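J.: Quick one: sequence plus predicted model below, questions after.
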Amino acid sequence: MARVSTQFRCSSCGATTTRWFGRCPTCSEFSTLVEQAPPPVSAPGRRANARATTPQRPARAVSEVVTGGPLPRLATGIGEFDRVLGGGLVPGQVCLCSGPPGSGKSTLLLAVADAVARGTGRSVLYVSGEESVDQIAVRARRIGADSPHLLLADETDLASVIGHLEAAGDVALVIVDSVQTIASGDVEGRAGGVTQTMEVAQVLTRLAKARGLPMLLIGQVTKDSTVAGPRALEHIVDTTLSLDGDKHTSLRMLRTVKNRFGSLEVAAFEQTDRGLVEVLDPSSLFREHRSTPVPGTCVTVTVEGHRALTAEIQALVAPSNNPNPRRAVTGLDTARAAMLIAIAERTSKLRLFDKDVFLATVAGMRLSDPGTDLATCLAVISAATGQPVPVDLVAVGEVALSGDVRPVPMLAERIAEASRLGFSRLLVPTGTRARLNLDKVIATVVEVSNLDDAIAGMRRAGLTAIRGVPGSPTLD
């Protein structure tokens with residue numbers, strides 16, 4: 001049998017090495033390499049024997065398990081939070097909420113804890129490993145979370161957290177802030193390391209499943225806005241939520257990244273002195289309200305989960321003395337924005353290769369929906385020519401490399417949202433009328449097959465031609 005050398009594992013990043021170092025060669029952390037037993041290795045050419053054991057619970061037919069009824073859910077009392085969860089919390093559900101520092105994760109979940117405690121009349125346990133009970137109480141009083149059933153504790157030991165849970169009795173919800181600050185005495189390593197984070201998450205998940213107890217975990221993020229710790233942490237939990245927003249604005253977007261019990265949704269909150277306040281109509285936040293059109297702006301309708309939201313895309317084209325003109329993008333995918341700029345330049349016969357082009361969304365909204373391509377192209381062309389897009393026009397469609405405008409999912413919902421908000425002109429892909437019933441839509445629907453048709457459609461809608469009209473400004 002081949003000889004197996006001793007291994008050393010980093011408690012911070014999980015890397016292994018056959019030699020001990022004072023500093024991990026992978027993550028450069030000091031004093032994190034811990035000796036561990038080598039894995040068993042079978043003899044060459046022989047397969048390791050695995051003994052079969054009798055399962056504690058036999059396998060069941062799916063017809064015996066599926067009841068056909070909806071899952072029982074616990075409504076938190078905060079409508080937008082319930083929306084991203086799919087209608088509420090499922091018994092035994094473990095939800096991981098992450099976001100950058102200062103985004104409002106603790107404030108939001110403290111408000112959720114108070115709402116559940118008031119609605120159910122049962123105890124809700126809020127455990128913090130980052131703040132003391134007195135500090136949590138100050139924030140609780142500020143946002144009005146003063147339910148007598150809301151229990152606060154500050155612990156960093158996993159056994160003590162479970163002890164608080166046992167002492168609380170009938171608990172409706174448990175919140176742990178944050179999972180990276182809790183450590184278990186049964187495993188080695190610092191709190192927040194790979195070994196500790198996985199152990200804490202697995203123990204809390206097994207506890208939640210066994211008791212049918214909903215549990216919310218707050219997760220720290222790294223500098224690139226990903227959940228700190230091992231990637232497997234997101235696989236263990238049932239639901240992953242992301243709370244983010246521009247630090248210079250009060251708007252916060254709560255998105256569902258993963259949900260085993262519902263679809264991927266989005267909710268909007270506004271950060272105020274009284275905590276995070278629900279924004280019931282986010283469409284009004286993502287576009288500028290103006291009476292006269294401004295060159296370089298175009299409104300579109302994007303889809304987040306099952307919700308249609310209007311968004312305004314703004315573009316600026318300016319002369320540049322730089323040999324390599326800038327392409328700055330905020331709120332849009334950089335690679336896709338560069339592609340759309342090239343398509344707009346070729347279709348409209350404009351010279352943009354020697355111009356600085358800036359693209360941005362309003363209120364820091366992030367757009368990754370291909371249905372916003374047409375509005376992006378029209379905003380760039382409008383900024384380059386100085387001809388504004390009408391304020392009552394909405395453009396929806398995916399733009400291909402050939403300049404063709406393709407259909408996008410949930411067109412009916414997009415058109416209904418634009419019509420509800422009072423937009424009277426809609427640029428949509430060809431074939432929309434044949435697929436959808438637009439009898440109840442009061443707006444004028446113009447079908448376009450390519451970007452040239454979109455420009456002509458705006459001309460028919462009453463806009464001065466962007467190109468091809470004598471006297472109109474161009475960049476040629």
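T.: In hand now; what should we look at?
J.: For the rest of this, base every contact and every neighbour count on C-alpha atoms.
T.: Fine.
J.: Poorly predicted segments of this protein, please.
T.: 1-6, 37-50, 66-69, 223-226, 228-230, 458-476 (pLDDT under 70).
J.: Pick out the residue nearest the middle of it.
T.: When CA atoms, centre = their mean is applied to the chain, the residue found nearest the centroid is Arg255 (3.6 Å).
J.: Quick check: phi and psi on that one?
T.: phi -110, psi 150 (degrees, to the nearest 10).
J.: which stretches of this structure form helices?
T.: 62-65, 79-85, 105-120, 133-143, 158-168, 194-211, 232-236, 334-348, 373-385, 411-420, 432-435, 451-460 (DSSP state H).
J.: out of those helices, deepest packed?
T.: helix 373-385 (a mean of 28; mean count of other CA atoms under 10 Å).
J.: Of all the helices of the chain, which one comes closest to Thr32?
T.: helix 194-211 (10.9 Å; CA to CA).
J.: now the angle from the closest one to helix 158-168?
T.: If you take axes from the mean of the first three to the mean of the last three CA atoms, to 10 degrees, helix 194-211 sits at 20 degrees to helix 158-168.
J.: which residues touch helix 194-211?
T.: Around helix 194-211, the neighbours that count as contacts under CA atoms under 8 Å, 6 or more residues apart in numbering are 11-14, 91-94, 158, 179-180, 182-184, 187-191, 213-215, 229-230, 232-233, 236-237.
J.: that older thread, right, so of the helices of the chain, which gets closest to Trp20?
T.: Nearest of those (CA to CA): helix 194-211, 18.0 Å.
J.: Without its sequence neighbours, what residue ends up closest to Ser132?
T.: Asp154 (5.5 Å; CA to CA, 6 or more residues apart in numbering).
J.: Quickly list what that neighbour is bridged to.
T.: Ser128 (DSSP bridges).
J.: just checking, Leu152 touches Gly129?
T.: No. Here Leu152 does not reach Gly129: they are 11.1 Å apart, not a contact under CA atoms under 8 Å.
J.: can you tell me how far Thr76 sits from Ala172?
T.: 10 Å (CA to CA, to the nearest Å).
J.: which residues are common contacts for the two?
T.: By CA under 8 Å, 6+ apart, the residues touching both Thr76 and Ala172 are Val116.
J.: quick one on the thing from earlier: just the buried ones among the contacts of helix 194-211, please.
T.: By neighbour count, with 16 or more other CA atoms under 10 Å, those hold 11-14, 91-94, 158, 179-180, 182-184, 189-191, 213-215, 229-230, 233, 237 as buried.
J.: surely the residue nearest to the centre of the chain meets Phe269?
T.: No. Using CA under 8 Å, Arg255 is not in contact with Phe269; the gap is 11.1 Å.
J.: quick one: the residue nearest to the centre of the chain from Thr26, how far?
T.: For Arg255, the distance to Thr26 - CA to CA - is 32 Å.
J.: go on, Ser128?
T.: For Ser128, the distance to Thr26 - CA to CA - is 31 Å.
J.: higher neighbour count, these two?
T.: Ranked by neighbour count (other CA atoms under 10 Å), Ser128 and Thr26 place Ser128 first, with 24 against 13.
J.: got the contact list for the more buried one?
T.: Leu152, Ala153, Asp154, Glu155, Thr156, Val176, Asp177, Ser178.
J.: Dump these into JSON lines; add distance to Gly121 and neighbour count as well.
T.: What follows is those, written out as JSON lines (distance: CA to CA, whole Å; neighbours: other CA atoms under 10 Å):
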{"residue": "Leu152", "distance to Gly121": "16", "neighbour count": "18"}
{"residue": "Ala153", "distance to Gly121": "19", "neighbour count": "19"}
{"residue": "Asp154", "distance to Gly121": "23", "neighbour count": "20"}
{"residue": "Glu155", "distance to Gly121": "24", "neighbour count": "22"}
{"residue": "Thr156", "distance to Gly121": "27", "neighbour count": "21"}
{"residue": "Val176", "distance to Gly121": "20", "neighbour count": "26"}
{"residue": "Asp177", "distance to Gly121": "22", "neighbour count": "26"}
{"residue": "Ser178", "distance to Gly121": "25", "neighbour count": "23"}
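J.: So which of the contacts of helix 194-211 belong to strands?
T.: Val94, Met215 (DSSP state E).
J.: Apart from its chain neighbours, what residue comes closest to Asn450?
T.: Closest residue to Asn450 apart from its sequence neighbours, by CA to CA, 6+ apart: Asp404 at 4.0 Å.
J.: hang on, isn't the one you found packed against Leu451?
T.: Yes. With contacts counted by CA under 8 Å, Asp404 reaches Leu451, the gap being 6.3 Å.
J.: Need the overlap of contacts for the two.
T.: Going by CA under 8 Å, 6+ apart, no residue sits against Asp404 while also sitting against Leu451.
J.: dump the residue contacts of Pro100.
T.: Gln220, Val221, Thr222, Ser225, Leu243, Asp244.
J.: pretty sure the second one is touching Gly102, no?
T.: Okay, so that is Val221. No. With contact defined as CA under 8 Å, Val221 does not count as touching Gly102 (11.5 Å).
J.: okay, the helices of the chain in CSV with distance to Leu285 next?
T.: Listed next are these as CSV, based on distance: least, CA to CA, whole Å:
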stretch, distance to Leu285
helix 62-65, 44
helix 79-85, 16
helix 105-120, 20
helix 133-143, 23
helix 158-168, 41
helix 194-211, 37
helix 232-236, 31
helix 334-348, 22
helix 373-385, 18
helix 411-420, 14
helix 432-435, 28
helix 451-460, 25
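J.: Identify whichever of those helices lies nearest to Arg366.
T.: Short answer: helix 334-348, nearest of those by CA to CA, at 11.5 Å.
J.: the more surrounded of Val221 and Gly102?
T.: Ranked by neighbour count (other CA under 10 Å), Val221 and Gly102 place Val221 first, with 16 against 11.
J.: what does the domain assignment say about this protein?
T.: 1-37, 73-280, 285-460 (automatic domain parsing).
J.: what about Leu241, how many neighbours?
T.: 23.
J.: Specify the beta-bridge partners of it.
T.: Cys97, Thr256.
J.: Now do the contacts for it.
T.: Cys95, Leu96, Cys97, Ser98, Leu254, Arg255, Thr256, Val257, Lys258.
J.: of those, closest to Gly87?
T.: Among these, and counting by CA to CA, the member closest to Gly87 is Thr256, at 12.6 Å.
J.: To what extent is the closest one buried, counted in neighbours?
T.: 24.
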